[in-house]
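Enquirer: Model the structure of this input:
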Amino acid sequence: MPRWKELPTELPSSERQLLVQLRRLKDHSGLSLAALSTRTSYSRSSWERYLNGKKPVPRKAVEELAQVSGTEPTRLVVLYEVAERARTEEAAARPDQPTREQDRDQGEREQEQDEQEQEPPRAGRTVPLKWTLGAVALAVAVSFGGGLLVAGAWDDDAPAEKAGAVAAGTGYLRGQTYTCDVRRKGGELRAGHSGTREMLLDINSTGFDVVEAQCLLREKGFSPGVFDGLYDERTKGAAKRFQGARHLVMDGIIGPDTWRELRR
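Expert: Residues are numbered from 1 along each chain as shown. Sure, this is the predicted structure:
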């Protein structure tokens with residue numbers, strides 16, 4: 001799972017909610033930004049800017065992301081229309097200031113032109129045999145390591161005392177109740193299960209990131225009642241109440257903004 005950057009603080013809540021859903025959809029699809037660029041009409045750099053809130057995401061991009069992810073686009077399109085309406089109203093209220101929408105196309109053309117100019121020419125050459133053998137060995141090692149990373153995709157911040165179980169699986173045991181030992185470390189609250197501040201969590205997410213969130217919700221006075229690493233309706237309900245108390249978008253999805261408040 002990627003470690004998303006925090007969205008710009010000036011983003012309206014409607015656009016923030018759209019981007020949270022698009023990020024979640026992209027993560028669950030397993031597609032990289034490069035893979036998205038080959039399956040949609042938009043470049044990798046465009047997707048990076050859209051999903052990080054640097055440029056408004058076009059409606060067509062929303063629809064294409066839903067299509068390649070095998071998701072019905074209606075709900076995402078509704079979120080897009082709400083965000084678009086908010087941008088239009090903001091532009092009408094501030095006519096003398098340029099909007100992100102107005103400079104989007106020019107910015108994309110300039111950045112993509114820079115990328116093309118910086119790409120070095122690919123000249124044919126002979127590779128020594130020892131380099132070839134070294135590359136093969138490295139590829140085998142990376143493939144093996146990649147398998148372990150995929151197996152523990154939700155549990156990359158598992159606590160040290162459970163690390164011994166990673167070789168056999170992910171280290172996270174579904175159905176087990178975990179302890180919450182919340183302490184302040186480095187200026188933020190930690191329960192010892194995960195150090196993430198960006199992982200997106202929603203219904204049916206599992207792993208140590210969920211345990212961390214459950215413990216922090218309890219610490220903040222919004223206990224989900226369970227600490228088993230399964231993001232169920234109880235956990236989502238607790239997250240919604242916490243978001244409401246912190247004046248965040250009450251969608252029950254734990255993302256960078258909610259993590260930041262949980263760790264204060």
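Enquirer: Not counting sequence-adjacent ones, nearest residue to Leu36?
Expert: Trp47 (5.1 Å; Cβ to Cβ, 6 or more residues apart in numbering). C-beta: built from backbone N, CA, C; applies to glycine.
Enquirer: wait, is the one you found part of a helix?
Expert: Yes. Under DSSP: H, G, I helix; E, B strand; the rest coil, Trp47 sits within a helix.
Enquirer: do you know how far it is from Ala35?
Expert: 10 Å (Cβ to Cβ, to the nearest Å).
Enquirer: Which of these two has more residues huddled nearby?
Expert: Between Trp47 and Ala35, counted using other Cβ atoms under 10 Å, the more crowded position is Trp47 (23 against 15).
Enquirer: gap between that one and Val249?
Expert: For Trp47, the distance to Val249 - Cβ to Cβ - is 22 Å.
Enquirer: Ok, Gln214 next?
Expert: 20 Å.
Enquirer: Which is the succeeding secondary structure element to the helix or strand of the chain with the lowest mean pLDDT?
Expert: One helix or strand of the chain scores below all others by mean pLDDT, DSSP states H and E: helix 129-151, with a mean of 44. Scanning forward in sequence from helix 129-151 by DSSP states H and E, the next helix or strand is strand 183-185.
Enquirer: Neighbouring strands - and their directions - for that next one?
Expert: strand 188-190 (antiparallel) (DSSP bridges).
Enquirer: Please identify the buried residues of the strand it pairs with?
Expert: Burial within strand 188-190, assessed by neighbour count using 16 or more other Cβ atoms under 10 Å, is assigned to 189-190.
Enquirer: Residues in contact with that strand: which ones?
Expert: With contact meaning Cβ atoms under 8 Å, 6 or more residues apart in numbering, strand 188-190 is reached by 182-184, 212, 216, 219, 262-264.
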